[in-house]
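> sharing a model that was predicted from the sequence below.
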Amino acid sequence: QLEATYDDVWVKIYKLNDGAFIGVVKDSDGGFHHPNKESSVMVSIVSKGVDDWYGAIKNAKNVKIEKEVYNNKSAPIRAFLIRDPGGYTVEFFEWMISE
């Protein structure tokens with residue numbers, strides 16, 4: 001059974017186990033990722049070291065930064081996004097709330 005861990009109008013996040021979560025994001029005008037034929041899935045990696053990940057990835061060859069590090073205004077996260085070679089969006093984020 002999935003345990004709801006974050007519930008907002010535009011996103012629902014469920015705990016699969018102690019180290020894995022799955023989120024469902026509603027398509028919206030303000031959202032980053034919209035469904036399309038090529039890549040309608042976004043992978044999110046949760047880490048306590050988003051700035052460290054960004055530092056390690058930003059100068060890597062063949063990595064396209066889609067969105068620089070930012071603090072989300074509508075969710076308590078700090079994140080950045082890249083595009084993988086298959087065209088999928090990969091989000092690295094950390095919660096800005098106490099666990």
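Cool, got the structure.

> neighbouring strands - and their directions - for the helix or strand bottoming out on mean pLDDT in the chain?
Ranking every helix and strand in the chain by mean pLDDT, DSSP states H and E puts strand 20-25 at the bottom, with a mean of 76. Its sheet considered, strand 20-25 pairs with strand 11-17 (antiparallel) by DSSP bridges.

> which outside residues touch the partner strand?
Strand 11-17 is contacted by residues 2-7, 21-26, 75 when judged by CB atoms under 8 Å, 6 or more residues apart in numbering. Where C-beta positions appear, they are placed from N, C-alpha and C, glycine not excepted.

> tell me the one of those nearest K58?
Relative to K58, the closest of those is A75; by CB to CB it sits at 22.5 Å.

> where does that closest one sit: helix, strand or coil?
Classification of A75 by DSSP: H, G, I helix; E, B strand; the rest coil places it in coil.

> who are the contact partners of it?
Contacts for A75 (CB under 8 Å, 6+ apart) come out as Y6, D8, V11.

> switch to 6 Å and redo it
A75 sits next to no residue when contact means CB atoms under 6 Å, 6 or more residues apart in numbering.
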